[in-house]
Each structure stands twice: as structure tokens, then as C-alpha cells.
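**Q** The following comprises the amino acid sequence and a computationally predicted model.
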Amino acid sequence: MDLGLILRGIVIGFSIAAPVGPIGVLCIRRTLAEGRLVGLATGLGAATADALYGCMAAFGLTALTNRLIGAGLWIRLIGGAFLLYLGIRTLLAKPGERAATASGSGLARAYLSTFVLTLTNPMTILSFLAVFAAMGMGSTHPEPLAAVSLVVGVFAGSALWWLGLSAVVSMLRSKFDARALRWVNIGSGLVIVAFAVAALVGAGVRR
């Protein structure tokens, strides 16, 4: 593999993951309420989806990309509805006195929910297409080893962001009692619901 391309992929993955959106809010809230492992699993779900979209862009999977972009309305509606569900669930969640012990099913649920949620954001694939095209990686016949190097870097960069975020938030967990966590749930839920409403309204406007 090309170390230089891996490092460039790390920068791309980190920069695309870093802006705080609904996934970031979910990661912070879950880390505070359920512990660092659940927060990390939440982030890794997003990192996997980033890597998948990065793979499509790097390998020039034009037909599949066009299908996803063409189905943007339905993808936005599904993503908005799922986000609304998560927001309302977060808003109504009752905090525990301490972080719950992370079980396999809990980690899998956290991972899969954000994996699906990230996949329903068409802007992710468009971001990767723009970046990779600028790097000359969006051709229909890319160099396989170069494409793989970039995708590995993208996943590593995205995962690095989520690892750092969950670790930092976890260190603050002891400062939050049940009452404070309740307000975290309310604030997080309202923010996620706002993102959901924006997604649904945006889908209607673009119809």
C-alpha cells in the first residue's frame, strides 16, 4: 500500500467526520449515558459507512453512485424519519445513575444505527466524489492499490476522530449526575429532532 495515500485518506476521513452533526450529538450523548464503548461503537458505524462511500468514489462505481443520488429523495425521507425516531427516543430516555455495562447487543445496535443513518446522507458520497475527483481518483479505471490505500486511510481517519471524541467525553462522564444527564438527553433529543426536521423539509423542497 501507498503510505502517502493512506495519510491523505486519514486527513480526508478525519475532516469529513469532524463537523458536529446528528452523529456527533448521538456519540456524545451515548458516551455520557452508556459509556465509552457504546460511544465508540456509534462512531465506528459512521466510520464504516464513510469507508463504504469512499470505496465507491475511489473505485469509480459510477452506476451505483448515480442510483444513490437518483434515489436521494427517498433516502432523505428514510434517513429523516429514522433520525426523528432516534431524537424522540433520546428526548424521552431516562438516565441511569451510572453508565450501563456495554453488552454485545448494545454495541451492535449502536454501531448499526449510525451505520444506517450515515448511509442515508447523500451528501457523504458527494463529498467523497468531489475530494477524490480533485485527487484524480474518481476515474472509471483507478489504480486498485491506490484506491485501497485511500479507503483504508479514510476509515482510519474517521475512526480516529470518533475514538478521540468518545475518549474525551468519557473523561467528563463522572461530572454528570442523573439530573445533568436528563438535561443532556433533552438537549440532545431536541438537536437530533431539529436535524430530522431539516432533513425532511429539505427532501420536500427538492422534490
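**A** Good, I have the coordinates. Values in this document were obtained by computation on a predicted structure and should not be read as measured data.

**Q** Toward the C-terminus, what is the element adjacent to the lowest-mean-pLDDT helix or strand in the chain?
**A** In the chain, the helix or strand scored least confidently by mean pLDDT, DSSP states H and E is helix 62-70, which has a mean of 57. Next in sequence after helix 62-70, counting helices and strands by DSSP states H and E, comes helix 72-92.

**Q** and that following helix, what does it pack onto?
**A** helix 22-34, helix 104-119, helix 122-134, helix 178-205 (3 or more CB pairs under 8 Å, 6 or more residues apart in numbering; DSSP states H and E). (Each C-beta comes from the backbone N, C-alpha and C, glycine too.)

**Q** Return the most buried member of those helices.
**A** Comparing these by mean neighbour count (mean count of other CB atoms under 10 Å), helix 22-34 ranks first with a mean of 24.

**Q** and the residue most central in space within the chain, what element?
**A** The centroid of the chain falls nearest to residue 46 when counting by CA atoms, centre = their mean (3.1 Å). Taking DSSP H and E as the criterion, residue 46 maps to helix 36-58.

**Q** quick one: that helix to helix 104-119, angle?
**A** With axes from the mean of the first three to the mean of the last three CA atoms, to 10 degrees applied, the angle from helix 36-58 to helix 104-119 works out at 40 degrees.

**Q** and helix 36-58, what other elements does it pack with?
**A** The helices and strands touching helix 36-58, judged by 3+ CB pairs under 8 Å, 6+ apart, are helix 3-17, helix 22-34, helix 62-70, helix 104-119, helix 122-134, helix 144-171.

**Q** make it 7 Å
**A** With contacts defined as 3 or more CB pairs under 7 Å, 6 or more residues apart in numbering; DSSP states H and E, helix 36-58 has these neighbours: helix 3-17, helix 22-34, helix 104-119, helix 122-134, helix 144-171.

**Q** and of those, who's closest to residue 41?
**A** With CB to CB, the closest approach to residue 41 among the helices and strands packed on helix 36-58 belongs to helix 104-119: 4.2 Å.

**Q** Now find how far off-centre that closest one is within its chain.
**A** 10 Å (CA atoms, centre = their mean, to the nearest Å).

**Q** who touches it?
**A** Residues from elsewhere that reach helix 104-119 (CB atoms under 7 Å, 6 or more residues apart in numbering): 23, 26, 30, 37-38, 41-42, 44-46, 48-50, 79, 82-83, 86, 124.

**Q** Let's see that with 6 Å instead.
**A** Applying CB atoms under 6 Å, 6 or more residues apart in numbering, the contact partners of helix 104-119 are 23, 38, 41, 42, 44, 45, 46, 48, 49.

**Q** what does stretch 33-48 give?
**A** By CB under 6 Å, 6+ apart, stretch 33-48 touches 23, 26-27, 30-31, 95, 99-100, 102, 107, 110-111, 114-115, 118, 155, 158-159, 162, 166, 170, 181.

**Q** Output that stretch as PDB, nothing but the C-alphas.
**A** What follows is stretch 33-48, C-alpha atoms only, in PDB (Å, rounded to 0.1, in the frame of the first residue of the first chain):
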ATOM      1  CA  ALA A  33     -25.300   7.900  29.200                       C
ATOM      2  CA  GLU A  34     -24.000   4.400  28.300                       C
ATOM      3  CA  GLY A  35     -20.200   4.600  28.400                       C
ATOM      4  CA  ARG A  36     -17.200   5.000  26.200                       C
ATOM      5  CA  LEU A  37     -17.500   1.700  24.300                       C
ATOM      6  CA  VAL A  38     -21.100   2.500  23.200                       C
ATOM      7  CA  GLY A  39     -19.900   5.900  22.100                       C
ATOM      8  CA  LEU A  40     -17.000   4.400  20.200                       C
ATOM      9  CA  ALA A  41     -19.300   1.800  18.500                       C
ATOM     10  CA  THR A  42     -21.600   4.700  17.500                       C
ATOM     11  CA  GLY A  43     -18.700   6.400  15.800                       C
ATOM     12  CA  LEU A  44     -17.300   3.300  14.200                       C
ATOM     13  CA  GLY A  45     -20.700   2.700  12.500                       C
ATOM     14  CA  ALA A  46     -20.300   6.100  10.900                       C
ATOM     15  CA  ALA A  47     -16.700   5.400  10.000                       C
ATOM     16  CA  THR A  48     -17.700   2.200   8.200                       C
END
